[in-house]
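Visitor: Sequence first, then the predicted structure:
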Amino acid sequence: MRPVIRRAVTKDVDPIAVLFRRSFGTLIFLPTLHTAEEDRVFFGTVIRDDEVWVWDEDARVLGFVALGDVMLDHLYVEPDEHGRGIGTALLARAKERRPEGLQLWTFQQNDRARSFYEYHGFHIVRMTDGSTNEERTPDVLYEWLTR
């Protein structure tokens, strides 16, 4: 079956929550703050409130992107699937859906994500000490604008 990017539906909550936990778990510098069940409840809310797109391949969710009005709230790819273009395709969908521009937060120590976003035209707006995020870990705000 050919991969497809499609809008997330309620049945995608569990696979998205599991994918998020596996991906977020690779960031060993971060504390674990939530249970798998809390992740599931949280992503149920995200699917309800945000515009969420998934990379669906052979009936498996291998990546997802969640968009607020101007924020790219989440972009995660199954760790074993990195390097295949899934993240790039999901980011392209996000840019297509928000052609006026996007902002996103990532952690300063997340070199892979930072390189990815910078390669795709995002620029640093500001860096923080992390005192206002849940993980209390230094982060960075990025922005992509078409103008």
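Guide: Cool, the structure landed. Because the structure is a prediction, the values reported are computed rather than measured.
Visitor: beta partners for residue 72?
Guide: As for beta bridges, residue 72 partners with residue 67 under DSSP bridges.
Visitor: show me the contacts for it.
Guide: When the contact criterion is C-beta atoms under 8 Å, 6 or more residues apart in numbering, the partners of residue 72 are 65, 66, 91, 94, 98, 102, 103, 104. C-betas here are computed from N, CA, C, even on glycine.
Visitor: Quick check, central residue of the chain?
Guide: Nearest to the geometric centre of the chain sits residue 75, at 1.6 Å (C-alpha atoms, centre = their mean).
Visitor: That one: which element?
Guide: Take DSSP states H and E as the rule and residue 75 turns out to sit in strand 72-77.
Visitor: on that earlier part again, would you turn the contacts of residue 72 into TSV with pLDDT?
Guide: Rendered in TSV, the data for those read as follows (pLDDT from 0 to 100):
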residue	pLDDT
65	98
66	98
91	98
94	98
98	97
102	97
103	98
104	98
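Visitor: what's near enough to touch the residue nearest to residue 6 when sequence neighbours are not counted?
Guide: Leaving aside its chain neighbours, residue 6 sits nearest to residue 56 (5.7 Å; criterion: C-beta to C-beta, 6 or more residues apart in numbering). Contact analysis of residue 56 by C-beta under 8 Å, 6+ apart lists 3, 4, 5, 6, 62.
Visitor: The helix or strand containing the last one packs against which elements?
Guide: The secondary structure element spanning residue 62 is strand 60-67 (assigned by DSSP H and E). Here strand 60-67 touches helix 13-24, strand 51-57, strand 72-77, helix 86-97, going by 3 or more C-beta pairs under 8 Å, 6 or more residues apart in numbering; DSSP states H and E.
Visitor: Pull up the pairing partners for the second one, direction included.
Guide: Partner strands for strand 51-57, per DSSP bridges, with pairing direction: strand 4-7 (antiparallel), strand 60-67 (antiparallel).
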